[in-house]
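J.: Sequence and predicted structure below; questions after.
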Amino acid sequence: MCCSAAAVLLLLAVLSAGIQAAPLPHHVSSLIPILQSLEADDIPNIPSLVRALGGCKTPVCHAVLGDPPPIPTPIPELWMLLAHLLNPNTTTAAHGMVLAPDGSTVALAPLFAGVEVGLKRAEGWPGPIDQPYSDLDALYAVTITEALGTSFLMAQLNGTAALGPDGCWDDVDNPQNFTLLGPPSLIPDAVANGAMDGVLLGTRLAEDPVPLSILFRSYYGVDNGITSGSPHSSRRRRDFGSLMAVGKLEEEVAVMLRVLRGLPPTRELMEELGEEEEADIARRAAQEFMEVYVGCPAIIPRCMWGARPYRGTPRPLSPPLGSIYIHHTFVPSAPCRSFSTCARDMRSMQLFHQDTRGWDDIGYSFVVGSDGYLYQGRGWHWVGAHTRGHNTKGYGVGYVGNFSASLPDPEAIALVRDALIPCAVRAGWLHQNYTLHGHRQMVNTSCPGDALFQEIQSWHGFKGCGRARSIRAGRTDNIIGAEAEVRV
C-alpha cells in the first residue's frame, strides 16, 4: 500500500462523517491518501486543482500558470479534504501549511506551484511566452522569487522582517494550529521550505514524471517510504544550494522586480525605487535567503521537541562569545536518526538534567541529531550548563551518541563544522577568531569520546592546549544518566 492503514482509515472516516466532524491533521501523511485517491479518479492536473482550491493565487503565479480549472458545485468530498488542508478554519498562521515527518513545516502553495511547472515541462511546455513573463524562469518565479522580491521590497519600505520566523504546532501527533515564534514576514520558514521543495521536486518531475503520491511519500519519508537514511526533505537546504547559486538567484529576483514594476498591486511601490535601489534589493534578497536557508542549518525549536519550561530565570549571554565546546551525550549512546527519536532523546535528557542533576534546563546550547537537524537546547541567548567554568564563555554543542570508538555520520559532522559555526560567526553569535575545544580539554572527562575528539582537532579554530585527557569508561562507571559526563 502507498499509505498507512491508519491514514486510509482516517480518510474514509472523514469522508463518511464529514470534514467538520473530524478535521484532518495538518500533516503530510494526511495529504498522501488524498493524492492517491485523486490519482485513482484520474484527475488530470492535481497541482492546478490545488490552485483552484486556494493554492498559489498571486498575480505572477496566475500569469505564469494560467487559469485553474473551475470548481464544480457541489464540491466533491475528496476535494473538500484537500481544501481543508489549504484553507483551514483558523485565524492562525497555519494557512496552507503541513507538518512533515522530519519535523519541518511546509507551505503547500509554493510546493504545488513548483510541482505544476515541473509537470508542464515534462510535457514540453516552453514556459510563459507573453512579455514581461517570458523573461522569468517559471520554476523559481512561482516558488520563491516573487515572494522574495515582494518581501524585501516591503521590508525596505516599511522596516518589516523579510525572512522567517519558524513556528510550532499545537500537537505534533495531530497538528491543527500553528503559531509563529516571532514577527511575521511574507517568507516564514514554512514558505521557504515549501519553495525549496517546490524547486527540487519540480526539477525532478521535469526529468522523470511520477505520481505525486509516490513522489511525496518518498521525498518526505511518509510511512518509512525510504530504504535507508533520513528522508530527502531533511536535506532540502543542501540540495537547493547545489542547484541554485546566489548569483543565479539574484538574477532571477532582479528580473522579478522588473515584472513587479509593471503590475498594479506593486507598481506604485516600485515607482519610489531607483535602479540602484532595485539592484540592491535583489542582491540582499538573494544573499540573505541563501545565508539563512542554505548556509545555516535548520534548528528544531524547543516547542517542537516538547521541551519542559525553563525552571527559574535564565541568565542571558553576551554575544558574540569566544568559544564552542564539543560534547557527546554518551547516554543516549545511539545516534538518533528520526525526528520522533531525536525529540524523545531531547525530552529524556532534559528530564535527567532537571530532575536528577537539579539544573534549570537541558544543559546544552544545541544538540546534533543524525537526522539532518540540530535541536535547540538553551540556544543562542541563555547561559548553558555544559562546560564547568566556561558556560558564559561559549556555546555547548552535544552530539547524540557515544563516539568513543566511532564517529558521527559525515552529514552530522558537516552540520556543525560547515554550517552551524560559520553561520554563528556571520550572525554575530560567535567571534570571528573563536576557539573550538573538546569538553575534555576543560574538565576531567572523556567527553566527547576519543574518536570525535580526534576528528575535531582538524576543524578550524581548534585550540590544542588544555587538559586533553582521555578517561576510560572504567573511571566514569559511577556516573550514570543521559548527561553522564557533563559537570558545571
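T.: Arrived safely, thanks for sending.

J.: which residues in the stretch 1-150 of the chain form strands?
T.: Ranges of strands in the stretch 1-150 of the chain, per DSSP state E, counting those that start in this stretch, are 97-99, 105-107.

J.: between the ones you listed, which gets nearest to G55?
T.: Judged by C-beta to C-beta, the one of the strands of the stretch 1-150 of the chain that comes nearest to G55 is strand 105-107, at 9.8 Å. C-beta: built from backbone N, CA, C; applies to glycine.

J.: Which helix in the chain has the most residues?
T.: In terms of residue count, the longest helix belonging to the chain (DSSP state H) is helix 189-207.

J.: Quick check: mean pLDDT of the helix or strand just after it?
T.: Using DSSP states H and E, the helix or strand that follows helix 189-207 in sequence is helix 212-220. For helix 212-220, mean pLDDT rounds to 97.

J.: List the contacts of helix 212-220.
T.: 2-3, 28, 31-33, 35-36, 39, 46-47, 100-102, 115, 197, 200-201, 204-205, 222-223, 225-226, 231-233 (C-beta atoms under 8 Å, 6 or more residues apart in numbering).

J.: do the same with stretch 174-189
T.: Taking C-beta under 8 Å, 6+ apart as the rule, stretch 174-189 contacts 23, 25-27, 88, 90, 92-94, 97-99, 104-105, 107, 147-148, 150-151, 154-155, 160-170, 190, 195, 289, 301, 303.

J.: Show me the residues you listed that map onto helices.
T.: In helices, defined here by DSSP H, the members of the contacts of stretch 174-189 are 147-148, 150-151, 154-155, 190, 195, 289, 303.

J.: From these, pick the one nearest V259.
T.: Nearest to V259 among the ones in helices among the contacts of stretch 174-189, counting by C-beta to C-beta, is T150 at 10.8 Å.

J.: show me what contacts G306?
T.: 172, 343, 346-347 are the contacts of G306 under C-beta under 8 Å, 6+ apart.

J.: same thing but at 7 Å, please
T.: Shown in contact with G306 (C-beta atoms under 7 Å, 6 or more residues apart in numbering): 343, 347.

J.: just to revisit the earlier point, so which of the strands of the stretch 1-150 of the chain is nearest G66?
T.: Closest among the strands of the stretch 1-150 of the chain, using C-beta to C-beta: strand 105-107, at 21.3 Å.

J.: and the closest one, what does it pack onto?
T.: Applying 3 or more C-beta pairs under 7 Å, 6 or more residues apart in numbering; DSSP states H and E, one finds that strand 105-107 contacts strand 97-99, helix 189-207.

J.: According to the record, where do the domains of this structure fall?
T.: What automatic domain parsing lists as the domains of the chain is 5-295, 303-476.

J.: and those, which one's lowest on average pLDDT?
T.: domain 5-295 (a mean of 89).

J.: Tell me the gap between that one and the middle of its chain.
T.: In this view, domain 5-295 has its centroid 13 Å away from the chain centroid, taken as C-alpha atoms, centre = their mean, to the nearest Å.

J.: same thing with stretch 284-297?
T.: So, by C-alpha atoms, centre = their mean, the centroid of stretch 284-297 is 13 Å from its chain's centroid.

J.: returning to that earlier point: mind checking which of the contacts of stretch 174-189 are buried?
T.: For the contacts of stretch 174-189, a burial check counting by 16 or more other C-beta atoms under 10 Å picks out 23, 25-27, 88, 93-94, 97-99, 104-105, 107, 147-148, 150-151, 154-155, 161-169, 190, 195, 289, 301, 303.

J.: can you pull out the strands in the stretch 251-400 of the chain?
T.: Listed in chain order, the strands of the stretch 251-400 of the chain (DSSP E, counting those that start in this stretch) span residues 299-300, 321-328, 366-368, 374-376, 394-399.

J.: hang on, W305 packs against D345?
T.: No. Using C-beta atoms under 7 Å, W305 is not in contact with D345; the gap is 8.8 Å.

J.: If you count surrounding residues, which of these two has more?
T.: Legend: neighbour count by other C-beta atoms under 10 Å for W305 and D345, higher for W305 (26 against 23).

J.: which residues of the stretch 351-488 of the chain fall in helices?
T.: 410-414, 421-427, 450-456 (DSSP state H, counting those that start in this stretch).

J.: Make TSV from those and add mean neighbour count to it.
T.: TSV is the format used below for those (neighbours: other C-beta atoms under 10 Å):
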stretch	mean neighbour count
helix 410-414	15
helix 421-427	17
helix 450-456	19
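
J.: Distance to L249 added to those, as a markdown table?
T.: Formatted as a markdown table, the helices of the stretch 351-488 of the chain follow (distance: least, C-beta to C-beta, whole Å):
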| stretch | distance to L249 |
| --- | --- |
| helix 410-414 | 22 |
| helix 421-427 | 17 |
| helix 450-456 | 33 |
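
J.: measure the residue lying closest to R261 once chain neighbours are set aside to L153 for me?
T.: Excluding the flanking residues, the one nearest R261 by C-beta to C-beta, 6 or more residues apart in numbering is M270, at 4.1 Å. Distance, M270 to L153, by C-beta to C-beta, to the nearest Å: 7 Å.

J.: out of those two, which sits in the more crowded spot?
T.: Neighbour comparison, M270 and L153: the larger count goes to L153, with 23 against 19 (by other C-beta under 10 Å).

J.: from what I can see that one touches E268, true?
T.: No. If you go by C-beta under 7 Å, L153 and E268 don't touch, sitting 11.4 Å apart.

J.: burial of A286, as a residue count?
T.: Counted with other C-beta under 10 Å, the neighbours of A286 add up to 25.

J.: from memory it sits against V253, does it?
T.: Yes. Taking contacts as C-beta under 7 Å, A286 lies within contact range of V253: 5.6 Å.

J.: list the contacts for P132?
T.: Residues in contact with P132 (C-beta under 7 Å, 6+ apart) are 258-259, 262.

J.: Swap in 10 Å and give it another go.
T.: Going by C-beta atoms under 10 Å, 6 or more residues apart in numbering, P132 touches 63, 255-256, 258-263.

J.: Would you list the buried entries among those residues?
T.: Buried residues within these, counting neighbours by 16+ other C-beta under 10 Å: 63, 255-256, 258-261, 263.

J.: The residues you listed in helices, which ones?
T.: Counting by DSSP H, the part of the buried ones among the contacts of P132 found in helices is 63, 255-256, 258-260.
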